[in-house]
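*Asks:* sharing a sequence plus its predicted fold:
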Amino acid sequence: MIGLGIETSCDETSIGIVEDGKKQIVLTLFSQIELHSAFKGVVPEIASRAHLEKINFLLETALEESGLKFTDLDYVAVTAYPGLLGSLMVGAQMARCLSYALEIPLIAVDHLEAHLNVVRMEEKDISFPYIGVLLSGGNSAIFQVDGFGNMRTIGDTKDDALGEAFDKVATLLNLGYPGGPAIEESARRFQGKTAPPFFPELLKDLPSDKIQFSYSGLKTAVLYYLKKNSTNTINIDEVAYHFQETAFQLVEKNIKRAVKLTGIRNVIAAGGVMANDTLRQRLNKVSQKMNFKFKYPEKKILCTDNGVMVACLGYYLLKEGKLAGIDFRVSPSRQEM
């Protein structure tokens with residue numbers, strides 16, 4: 001069964017084609033990093049315009065590279081939520097047109113569930129229920145996933161997402177955009193050196209039965225540290241290292257709590273921040289110490305927003321009979337099932 005996935009939720013335009021929900025046939029992607037870098041963040045109007053300009057070309061390229069025709073497609077899946085409303089509408093309109101013209105099923109996909117589900121593309125066995133950890137520029141959240149299309153939030157962020165905090169702190173440190181790779185590289189240059197921690201533990205007094213993220217305070221702590229200390233005495237790599245360590249400490253704590261509170265010993269982590277090698281290594285150690293199964297996309301391109309993850313989840317939702325009508329609506333927020 002051949003499925004086409006459309007991803008336009010934020011600042012990546014992508015078309016993916018997969019076979020039987022586990023074999024990648026082709027992935028085309030246009031990254032808008034250069035378009036937004038001057039603004040140190042995603043500008044919604046620029047993002048939606050770029051999707052409009054690139055999406056038809058990416059679709060044509062995907063079909064050409066795969067050697068497939070429109071009539072070879074068995075279904076079309078598209079990110080419906082969450083995301084930037086204008087950007088989501090671009091992908092949704094293309095999906096509607098393809099479904100109507102080709103008379104094939106249309107599947108509306110939860111962007112966050114698609115991120116978690118994409119590990120199936122790497123032949124990884126997944127059993128329900130599992131704990132899903134989503135770490136990206138727009139989301140820092142933990143879910144209990146009981147089935148396809150059945151995902152319940154058990155912990156969210158009360159302010160900045162982790163990826164957003166990376167971008168903002170990288171701007172403060174003049175490390176460039178996007179912030180994740182820049183801070184990781186800077187922190188790696190300092191790694192292994194000894195120094196007292198700069199920043200206090202995040203959400204130290206959070207009740208033991210609560211799971212929550214919060215990174216606004218850490219961003220502010222970096223700002224105050226930079227203002228308080230002379231530019232000549234600041235080691236940027238050292239600040240980046242301690243920011244990253246403090247940020248990841250909260251991720252570890254929340255995952256440990258999720259495992260203990262739910263009793264679920266299957267954990268899947270995904271999203272753009274999971275491309276960070278330091279975080280991967282830390283969470284692998286945590287899983288070994290606590291003896292739970294831990295999976296994440298090995299290929300870093302599958303951590304980012306992409307059409308393959310949409311087509312992959314679409315296949316399993318199709319098998320469950322969870323289809324969308326041609327008049328489905330997109331939404332900037334998640335729809336809890």
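*Replies:* Ah, there it is.
*Asks:* got the contact list for stretch 41-59?
*Replies:* Stretch 41-59 has contacts (Cβ atoms under 8 Å, 6 or more residues apart in numbering) with 6, 8, 10-11, 13-15, 28-30, 32, 35-36, 84-87, 89-91, 94, 137, 164, 167, 177. Bear in mind the C-beta positions are built from the backbone N, C-alpha and C, glycine included.
*Asks:* which secondary structure elements does the helix or strand where Y224 lies contact?
*Replies:* Using DSSP states H and E, Y224 falls within helix 216-228. Judged by 3 or more Cβ pairs under 8 Å, 6 or more residues apart in numbering; DSSP states H and E, helix 216-228 is in contact with helix 162-172, helix 236-262.
*Asks:* for the chain, which segments count as helices?
*Replies:* 33-36, 44-66, 85-102, 111-117, 162-172, 179-190, 216-228, 236-262, 277-290, 307-319 (DSSP state H).
*Asks:* give me the phi and psi angles of the residue nearest in space to the middle of the chain.
*Replies:* Taking Cα atoms, centre = their mean, the centroid of the chain lies closest to G271, which sits 2.4 Å from it. Dihedral pair for G271: phi 100, psi 160, per degrees, to the nearest 10.
*Asks:* what residues are bridge-paired with V26?
*Replies:* Beta-bridge partners of V26, counted by DSSP bridges, are I17.
*Asks:* if I look at E7, how far off is K54?
*Replies:* 12 Å (Cβ to Cβ, to the nearest Å).
*Asks:* could you check which of those two has the larger neighbour count?
*Replies:* Legend: neighbour count by other Cβ atoms under 10 Å for E7 and K54, higher for E7 (33 against 21).
*Asks:* let me know which of the helices and strands packed on helix 216-228 is tucked in deepest.
*Replies:* Of all these, helix 162-172 has the most neighbours on average by mean count of other Cβ atoms under 10 Å, namely a mean of 23.
*Asks:* domain parsing of the chain, as residue ranges.
*Replies:* As assigned by automatic domain parsing, the chain contains the domains 2-118+302-319, 127-298.
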